[in-house]
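# here's a sequence, model it:
(one chain, ligands or ions: 1)
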Amino acid sequence: SRAKLFDENDKVRVTFKDVAGLEGAKEEVEEIVEFLKNPEKFTKLGGKIPKGALLVGPPGTGKTLLAKAVAGEAKVPFFSLSGSDFVEMFVGVGASRVRDLFKNAKDKAPAIIFIDEIDAIGRARGKNNFTGGNDERENTLNQLLTEMDGFGTDTNVIVLAATNRADVLDKALMRAGRFDRLIHVDLPELNERKEIFDVHLKPLKLGTDVDSEFLSKQTPGFSGADIANVCNEAALVAARKNKEVIEKQDFLDAVDRIVGGLEKKNKLIK
Ligand code: ATP
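Reported below is the predicted structural model:
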């Protein structure tokens, strides 16, 4: 069966209140929401609406969530694809997929295009050629650059891309008029972890001894995705014990498990 070309979501429900912490990043993308909602406000002053922004940060820190929230806040469709999907693609498919993606987004503008793991497409050309099949990746990258250069700032499509490896990206991607804005999405600090816990604890049935401040102190180095994981795991632990509510100890057990999982993953990477 043929792979889906890309995902389209016309009714994104994620908003900024689902994204905890990340105040700086949120502030930067708020401007993009404004551009999408009210382009005339800027264009009548002669301003040029940016075409693209790059969200840079470690895995699980909320880059996809933030991009979705931009679409949700602006109430525009969200088109997405992942760079890693291109890795095993037949010659010619990558470029045509990019072309289709942009055509569909332009037809529905204003819209957001989100490209996750852009490094899989956008690695500096001429490097890491040991895997072969690089022509295809280059064709895809070239098509992406062509598309971004091809639409005027009045098109009202903004392309957000995410990576945890900005250092390996082809500099051509970051040139003016392309992904010329870098937005850092870092691992959460103590108080941000508390806010992320608050978001993910909300739908849970909790014992009176559960407190997000305590949990944030138990989870240094955790990403937002890890925290979401802890909350879900704690619910599983409590369910296994046939409990009516999730208690502090269930969270501590969940933290231990996640830490164990993270250590294993790190060992595999090394
Ligand atoms: P990757 O680089 O692995 O694609 P990402 O940075 O795109 O990761 P997301 O996919 O956005 O991370 O995050 C995964 C999940 O973790 C989110 O759906 C959400 O449940 C939770 N999460 C991550 N960051 C936050 C945050 N800042 N606030 C609330 N939840 C978060």
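# for this structure, which spans come out with low pLDDT?
Counting by pLDDT under 70, the chain contains low-confidence residues at 1-5, 87-92, 125-134, 153, 267-270.
# so which residues of it form strands?
All strands of the chain, identified by DSSP state E, fall at 7-9, 52-56, 78-82, 111-116, 157-163, 179-184.
# so the fourth one versus strand 52-56, what angle?
Put plainly, it is strand 111-116. With axes from the mean of the first three to the mean of the last three CA atoms, to 10 degrees applied, the angle from strand 111-116 to strand 52-56 works out at 40 degrees.
# neighbouring strands - and their directions - for strand 111-116?
Sheet partners assigned to strand 111-116 using DSSP bridges are listed as strand 78-82 (parallel), strand 157-163 (parallel).
# what angle separates it from strand 179-184?
Going by the same axes, to 10 degrees, strand 111-116 makes 60 degrees with strand 179-184.
# measure the residue of the stretch 151-270 of the chain found nearest the ligand to residue 174 for me?
Nearest to the ligand, among the residues of the stretch 151-270 of the chain, is residue 224, at 2.1 Å (CB to the nearest ligand atom). Where C-beta positions appear, they are placed from N, C-alpha and C, glycine not excepted. Counting by CB to CB, to the nearest Å, the gap between residue 224 and residue 174 amounts to 25 Å.
# adding mean neighbour count and distance to the ligand, write the strands of the chain out as CSV.
Supplementary listing: these in CSV, determined by neighbours: other CB atoms under 10 Å; distance: least, CB to the nearest ligand atom, whole Å:
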stretch, mean neighbour count, distance to the ligand
strand 7-9, 14, 14
strand 52-56, 24, 7
strand 78-82, 22, 8
strand 111-116, 25, 5
strand 157-163, 26, 6
strand 179-184, 18, 12
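# quick one: which of residue 224 and residue 174 has more around it?
Each of residue 224 and residue 174 had its neighbours counted (other CB atoms under 10 Å), and the higher figure belongs to residue 224 (26 against 16).
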